[in-house]
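**Q** can you look at this prediction? I've put the sequence above it.
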2 protein chains.
Amino acid sequence: MLMKMSSLFVRTLREDPADAEVASHKLLVRAGYIRRAAPGIYSWLPLGLKVLGKVEQIVREEMDAIGAQEVHFPALLPKEPYEATGRWVEYGPNIFRLQDRKSADYLLAPTHEEMFTLLVKDLYSSYKDLPLALYQIQTKYRDEARPRAGLIRGREFIMKDAYSFDVDDAGLDRSYDLQRQAYQRIFARLGLEHVIVKAMSGAMGGSRSEEFLHPTPIGEDTFVRSPGGYTANVEAVTTPVPDPIPFDGLPAAEVLDTPDSQTIETLVDAANRLHPRAERPWEAADTLKNVVLALVHPDGLRELIAVGLPGDREVDLKRLQAGVEPAEVQPATEDDLKGRTELVKGYIGPAVLGPNGAPRTLDDAGRVTAGAMRYLLDPRVVPGTAWVTGADADGKHVFNLVAGRDFTADGTIEAAEVRAGDPAPDGSGPLELARGIEIGHIFALGRKYAQALDLKVLDANGKAVVVTMGSYGIGITRALAALAEANNDDRGLVWPMQVAPAHVHVLATGKDQQVFEVAERLSRELEAAGVEVLYDDRPKVSAGVKFADAELLGVPLSVVVGRSLADGVVEVRTRATGEREEIAPELAVARVRELVDAALER
Amino acid sequence: MLMKMSSLFVRTLREDPADAEVASHKLLVRAGYIRRAAPGIYSWLPLGLKVLGKVEQIVREEMDAIGAQEVHFPALLPKEPYEATGRWVEYGPNIFRLQDRKSADYLLAPTHEEMFTLLVKDLYSSYKDLPLALYQIQTKYRDEARPRAGLIRGREFIMKDAYSFDVDDAGLDRSYDLQRQAYQRIFARLGLEHVIVKAMSGAMGGSRSEEFLHPTPIGEDTFVRSPGGYTANVEAVTTPVPDPIPFDGLPAAEVLDTPDSQTIETLVDAANRLHPRAERPWEAADTLKNVVLALVHPDGLRELIAVGLPGDREVDLKRLQAGVEPAEVQPATEDDLKGRTELVKGYIGPAVLGPNGAPRTLDDAGRVTAGAMRYLLDPRVVPGTAWVTGADADGKHVFNLVAGRDFTADGTIEAAEVRAGDPAPDGSGPLELARGIEIGHIFALGRKYAQALDLKVLDANGKAVVVTMGSYGIGITRALAALAEANNDDRGLVWPMQVAPAHVHVLATGKDQQVFEVAERLSRELEAAGVEVLYDDRPKVSAGVKFADAELLGVPLSVVVGRSLADGVVEVRTRATGEREEIAPELAVARVRELVDAALER
């Protein structure tokens, strides 16, 4: 059935929607591909659904090509399996929960590790059944605190999630690499630039994890890369740890007056004014800043912690968050600090924190339930480094306080911001920072889920062994948004051929009856030649509006049948380059077919 | 990628699942097509997903063929549109409701009239844009009180729902008929026997509605058909109304003693024993039974009503329910009857009911909030009919109580059971009763939703007119279950070619290496010829198990490569008929291709 603009369910908008900030969101709405149904929840119009189907199909083909088998799980799932793995609690407010009419608890699944594990347990029992890879393309749900950027951070979205099952670690490595290669082929076929970065496993668990990021300034994820090829999500960047410094010969700590020096800036100023040193002026990097924050644990426990880091760096809450998951980081409130008289604002020092502070009680999980809060240090604060830091008294700081000699902590944490120029942890040079959209994430999960849900198979010796798993996701709707983000100009979308809603947009312009006859015949001949056509047959719409609509919709090629038909030619335009060529109508089908084939490389 | 049993994610079961009552449920689980995830919620394994995809594709093609355009809406929807149409309340406990992290109310949509109406309102504004037909194939949710029969009554299921938009009634009629014809083609292509029956519109609203039922004894719906071609869902059957009888010459009503006659049976017995009449004995059909029931209205109001019907018929709760929707019918409880001293058990008569009873208060919706309950009569109780019925005193009935002369009511209701042999309302002969599965339902909705959500377009005169709509659903997963129900035998499933997970099942039996080589080569040649193959390559599985599995899985054709290969033949078997033919391996591909084409009629 020829797709005609006169009857196609689409309306283009000249104005950007009020709630849209990024190009993909603006253009997908303006061009009539999607409409917002609720915050972070979208409806798909016919053209949008066509693009979505093509993205899905490329993913499906590459999954099938590595022997992954397609299945389909429910979105509405009972609580119990997620309780068994702890994720019912860990997800906190980030999942949609509900009860059925019998008050049984359910969730709208954000990811399906538990269900796949249970299904494999139900069906399989021997190492001979493995390796196994399963996948689904399915609607997923997350109750995002701040849905934004249209499809990029939605609350109902489509994911391809795959899971691998192996009897041993070597098998998991092979399964992981197969998926990794399939992802590279998928993004290559989609024409979607991507960087593979080391990532944190986070709440998902497991030993190894990488993200596929599409680089773009509007991305929510920050990643680093070095000239030598190191790449990582900023949360996963580790700080090179300096060698410890011998204590011998280090000057003794000394408490000095630093009135009105609650900030690093005023402290450095006071130090240089009141206590100048010979070799070089005091700098922010000489100070040790102690920041108090609250952790909300999944079981509800609210625990204060202190993070100690060089004063020239801010705490990066996302990096800290990644290091304390599944707990959630929040700013400390007045309520949190009530009665904490040992904490002198602007003058907090190690003496009242962690093992240096008041006696305290820790629970089995190592969390402080009473007494001095946990104290975690930036990895740069190695034994022997000397710091200017709070003396826990108003108007006083301590100078030359030496880590390991004068104070200790409960451990280290990667909470300091990463800055451009910081050294890569593998010595491959200074880091550059960039932003990207997470379009894929692969995890070597290991045995966490199989253990929790008792998925075992008999090995070659008849011994029951816990299966090892991987989990591999592609955000289908997000990848589509990334494609729209990467392929547009000031006039509209510019789809790559392989995902475009049609290959060619045929425009009949003017009022001449013959124009419409030729345009329609051409459209049908193109379809007969296997070319997907969108035909603008609207009788009373001006050529200007048709051109503007065509550029907004972003079909890669167009054929304009108009005034020049009298001279025996039609015009073939390429949306991306703006190239135009005039050609006799009877040659147009072959020419378009040729251009389509070249773009699809077939 | 050749589908091989050695690696296919499937396990067949020899035993029926404990919770399965109907053949489709038992076999789909045993053959490894689906697995239960929660009550009424199923996961789809690879073979099940293949069948599902084929059913969806046939539906999609026929929707596209009538110019319906595919879109896709979210399943998670905000409350507001459903509140505007009243359905947020009307659905009661039958939908899943939830709140997001900001305590905003959402539902998991059971059907999408509201959202489609709003989207069309967003995009369209002129009669020139109409007619319009949109559809989606999407996951739907209903919190069924009693999920049962596997996929037949599930809580998460897949539906095709379509909606038509027209500027006038004639347009709606055309749109309705187009969908109706598309449905006939869909079920014909699926090979799914169906009966189209008149149905109630119920909570959906609208003027005209028909159900597509697949006849089967395990169906949940009862329908009727007459020799003259009348068909209706039992809820929609109307009772032929007899002509009223003139009151002249009818004997006067008379209260007589009928001790210990609380039931119709004892009443008829007492009447014939104590008060015999000359012309013929008293029968149950001469008595008027008054049944008290409770209606729970969507706003929570619990209202008692009385239904008066001939004593030879029971109240059919489903018919009554259909007549009082969206209220829910419940049995009257002791609590309901407390203090209702006018109701004498077994002797309730019209004198205390409806307009004949105590003074009463009605609200705007005509519901009784105090005083005598509403009284609704079976349509057979026309003016002039004389009845034996309760005299509202223990041990007493009134004889010759004449409707319209001695008592009145608040209206009529179709609440009496329909029985085989009852006359069809259109005079087309006696009704036959049968059971079926509802696989489709089409509604001429009219203006209910457009009115509630203010969907108007400008007509040819520039006047804003409310759009008229239709709604058309096919239960995709239920249709698949109906197909399984209609196509099985004691050994397993017997799929029709057009929806089978593969066209041919190639079995390599025995241990001979050459058997496996020929079977694999044949499988690949079949695939190259466009035939979908499932190849049973399992090396250590006996021929008996392979045959049993093949029969359970139900692929329409199989090719057995085994012992007879030594004689230069393989065996082609047809699952449905059991036919077997021996053929040289080199001729097998062409023969199978021929059988597949014949079955697909291509």
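**A** Nice, I can see it.
**Q** all helices of the stretch 301-450 of chain A, in order?
**A** With DSSP state H, counting those that start in this stretch as the criterion, the stretch 301-450 of chain A has helices at A:317-324, A:334-337, A:448-453.
**Q** which parts of the shortest one are buried?
**A** Okay, so that is helix A:334-337. Of the residues in helix A:334-337, residue A:336 count as buried by neighbour count, 16 or more other CB atoms under 10 Å in any protein chain shown. (Glycine included, C-beta is placed from N, CA and C.)
**Q** the first one now?
**A** In terms of neighbour count (16+ other CB under 10 Å), helix A:317-324 has its buried residues at A:318, A:319, A:320, A:321, A:322, A:323, A:324.
**Q** so what's the third one up against?
**A** When contacts are counted by CB atoms under 8 Å, 6 or more residues apart in numbering or on different chains, residue A:320 touches A:293, A:307, A:329, A:413, A:414, A:415.
**Q** kindly provide the distance from it to chain B.
**A** 22 Å (CB to the nearest CB, to the nearest Å).
**Q** report the separation between the closest residue in space to residue A:101 that isn't next to it in sequence and residue B:143.
**A** With sequence-adjacent residues excluded and distances taken as CB to CB, 6 or more residues apart in numbering or on different chains, residue A:101 is closest to residue B:93, at 4.6 Å. Noted for residue B:93: a distance of 6 Å to residue B:143, by CB to CB, to the nearest Å.
**Q** more crowded one of the two?
**A** Between residue B:93 and residue B:143, residue B:143 has the larger neighbour count (other CB atoms under 10 Å in any protein chain shown), namely 24 against 13.
**Q** residue contacts, that one?
**A** By CB under 8 Å, 6+ apart, the contact list for residue B:143 reads A:100, A:101, B:93, B:94, B:95, B:96, B:155.
**Q** what is the burial count for the second one?
**A** So that's residue A:101. For residue A:101, the neighbour count with other CB under 10 Å is 15.
**Q** so which helix or strand takes in it?
**A** Per DSSP states H and E: residue A:101 is located in neither a helix nor a strand.
**Q** tell me the phi and psi of it?
**A** Phi and psi for residue A:101, reported as degrees, to the nearest 10, are phi -70, psi -20.
**Q** same thing with the first one?
**A** Main-chain torsions, residue A:100, degrees, to the nearest 10: phi -90, psi -180.
**Q** my guess is it contacts residue A:106. True?
**A** Yes - taking CB atoms under 8 Å as the definition, residue A:100 is a contact partner of residue A:106 at 6.2 Å.
**Q** so does stretch A:285-298 get close to chain B?
**A** No - using CB under 8 Å from any CB of the partner chain, stretch A:285-298 stays clear of chain B, coming no nearer than 14.0 Å.
**Q** buried set for that stretch?
**A** Within stretch A:285-298, the residues that count as buried by 16+ other CB under 10 Å are A:286-298.
**Q** separation between residue A:158 and chain B?
**A** Applying CB to the nearest CB, the value for residue A:158 to chain B is 9 Å.
**Q** sorry, wrong one. I was asking about residue A:381.
**A** Residue A:381 is 37 Å from chain B, by CB to the nearest CB.
**Q** ditto for residue A:342
**A** Distance, residue A:342 to chain B, using CB to the nearest CB: 35 Å.
**Q** next one: residue A:586
**A** From residue A:586 over to chain B (counting by CB to the nearest CB), the distance is 30 Å.
**Q** returning to what we had before: switch the buried residues of stretch A:285-298 over to a markdown table; also include pLDDT.
**A** Shown next, in a markdown table, are the buried residues of stretch A:285-298 (pLDDT from 0 to 100):
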| residue | pLDDT |
| --- | --- |
| A:286 | 95 |
| A:287 | 96 |
| A:288 | 97 |
| A:289 | 96 |
| A:290 | 96 |
| A:291 | 96 |
| A:292 | 96 |
| A:293 | 96 |
| A:294 | 95 |
| A:295 | 94 |
| A:296 | 92 |
| A:297 | 89 |
| A:298 | 82 |
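**Q** that older thread, output the helices of the stretch 301-450 of chain A as TSV; include the columns mean pLDDT.
**A** As requested, the helices of the stretch 301-450 of chain A are arranged in TSV below (pLDDT from 0 to 100):
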stretch	mean pLDDT
helix A:317-324	92
helix A:334-337	92
helix A:448-453	94
